[in-house]
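K.L.:
Sequence first, predicted model second:
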Amino acid sequence: MSQISEDERTWGLIAWIIPLVGGIIGIIMRPNSGYVKHWSYLSIAFGLVIIVVDVILDILTFALIFIPPVLLLIRILGILVGLAFLIIWLVGILRERSNLYWKPPVVYDIARIMGKQ
C-alpha cells in the first residue's frame, strides 16, 4: 500500500461520512487520489443503494397500506434495513480510518461499475 497523506485521509472520511454528496465532493476535490476515489465511489454507490431501497420500501408501504399484517412486516423490514445500513456505514468509517480499501458486497460492485475500479 502506498503512503496515504493526511489530506487524502480527510477527504476519504468526508466522502464516506456523507453518503452520495460527500462522494461527489471527494471526486471533485481530489480527482487524482486513488484512495479518495475509492471511498468517493463507494459513498456514491452506498447513497444510491440507500435511496433505491428506501423508494422500494415506500412503494411497498403505499401499496400494502390496507393490509395491516403485511404492512407491519414491511415496516419491520425497513427498520432492519436501516440498522444494516447504519452498521455498514459505521464499519466503513472504521475501515477508512484504518487506511483499508474496504470492498462491501453489492456496494463495491456498483462502485466498480461506476468508477471502473
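P.N.:
Yes, it's here.
K.L.:
Does the residue nearest to the spatial centre of the chain lie in a helix or a strand, and which?
P.N.:
If you average the C-alpha coordinates of the chain and look for the closest C-alpha using CA atoms, centre = their mean, you land on Phe46, 2.2 Å from that point. Secondary-structure element containing Phe46, defined by DSSP states H and E: helix 34-63.
K.L.:
List the buried residues in the following helix or strand past that helix.
P.N.:
Counting by DSSP H and E, the next helix or strand C-terminal to helix 34-63 is helix 68-97. Of all the residues in helix 68-97, those buried under the rule 16 or more other CB atoms under 10 Å are Leu71, Ile74, Gly78, Phe85, Ile88, Trp89, Gly92, Arg95, Glu96. Heads up, the C-betas are built off the backbone N, CA and C, glycines and all.
K.L.:
Check the gap between the nearest residue in space to the second one that is not next to it in sequence and His38 for me.
P.N.:
If you skip the residues right next to it in sequence, Ile74 has Leu60 as its closest partner in space, 5.0 Å away by CB to CB, 6 or more residues apart in numbering. When CB to CB, to the nearest Å is applied, the distance between Leu60 and His38 equals 33 Å.
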